[in-house]
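Trainee: sharing a sequence plus its predicted fold:
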Amino acid sequence: MAISDRVVRELNLQLNREIYSAYLYLSMAAYFESVGLRGFSKWMKVQWREELMHAMKFFDYIASRGGRVELYAIEAPPKDWKSPLDAFEFALAHEKEVTKRISNLVELAIAEKDHATFNMLQWFVNEQVEEEQSFEEVVLKLKLAGNDTRAILFLDSELGKREVSAENESSGALQD
């Protein structure tokens, strides 16, 4: 069964949203660099890379199903936040919105009886659970740290240890 124009259009919009997510996290990395939190910055750079890999999964899938990939303008993301907690709460809210959009894509695939797209989207459903959990964990730690500079610097050191996950690295995305 060929992929419908409606599904292709919505997948292209999600590809655009994934690129925006990458752009948002790169902006957050720049913010963290500007306030001397290089560990936070590194964490966001890893997130930036993962979002680009997500975009490429959509790109490759659309192309593999005979759809036409279309790239749209990327909105400029915010560039300043009041605090690390403010930035991570913003990012968590963003990820919850992405989860809602992935769920909408799943519903569309069901409505269109597009089992291949439904199957592909299951990876993203699972990924969004991990994404939200990852951001929630940092938000919780930042709330516990409060205004304790030592705790924030300790967390900065911990976040700086984050690496791109092996699964995303081995997916082939961004290796062309």
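Mentor: That came in fine, so what should we check first?
Trainee: rest of the way, CA atoms for contacts and neighbours
Mentor: Will do.
Trainee: next up, the contacts around residue 124.
Mentor: residue 102 (CA atoms under 8 Å, 6 or more residues apart in numbering).
Trainee: next structured bit after the helix or strand hosting it?
Mentor: Using DSSP states H and E, residue 124 sits within helix 115-145. Following helix 115-145 in sequence order, the next helix or strand is helix 149-159 (DSSP H and E).
Trainee: show me what that following helix is packed against.
Mentor: Contacting helix 149-159 under the criterion 3 or more CA pairs under 8 Å, 6 or more residues apart in numbering; DSSP states H and E are the following elements: helix 38-64, helix 115-145.
Trainee: one more time with 7 Å
Mentor: Packing contacts for helix 149-159, counted by 3 or more CA pairs under 7 Å, 6 or more residues apart in numbering; DSSP states H and E, involve helix 38-64.
Trainee: centre of the chain to whichever helix or strand comes after the helix it packs on, how far?
Mentor: Moving toward the C-terminus from helix 38-64, the next helix or strand (DSSP H and E) is helix 84-111. The chain centre lies 9 Å from the centre of helix 84-111; the measure is CA atoms, centre = their mean, to the nearest Å.
Trainee: got the CA positions of stretch 27-46 in PDB?
Mentor: Taking Å, rounded to 0.1, in the frame of the first residue of the first chain, the C-alpha atoms of stretch 27-46 are listed here in PDB:
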ATOM      1  CA  SER A  27      20.200  27.400  21.600                       C
ATOM      2  CA  MET A  28      20.000  26.000  25.200                       C
ATOM      3  CA  ALA A  29      23.600  24.800  24.900                       C
ATOM      4  CA  ALA A  30      24.700  28.300  23.800                       C
ATOM      5  CA  TYR A  31      22.800  29.700  26.800                       C
ATOM      6  CA  PHE A  32      24.500  27.300  29.200                       C
ATOM      7  CA  GLU A  33      27.900  28.100  27.700                       C
ATOM      8  CA  SER A  34      27.200  31.800  28.200                       C
ATOM      9  CA  VAL A  35      26.600  31.300  32.000                       C
ATOM     10  CA  GLY A  36      29.600  29.000  32.500                       C
ATOM     11  CA  LEU A  37      27.800  25.700  32.800                       C
ATOM     12  CA  ARG A  38      29.700  23.600  30.200                       C
ATOM     13  CA  GLY A  39      28.300  20.300  31.500                       C
ATOM     14  CA  PHE A  40      24.700  21.500  31.000                       C
ATOM     15  CA  SER A  41      25.900  22.700  27.500                       C
ATOM     16  CA  LYS A  42      27.300  19.300  26.700                       C
ATOM     17  CA  TRP A  43      24.100  17.600  27.800                       C
ATOM     18  CA  MET A  44      22.100  19.800  25.400                       C
ATOM     19  CA  LYS A  45      24.600  19.300  22.600                       C
ATOM     20  CA  VAL A  46      24.000  15.500  22.900                       C
END
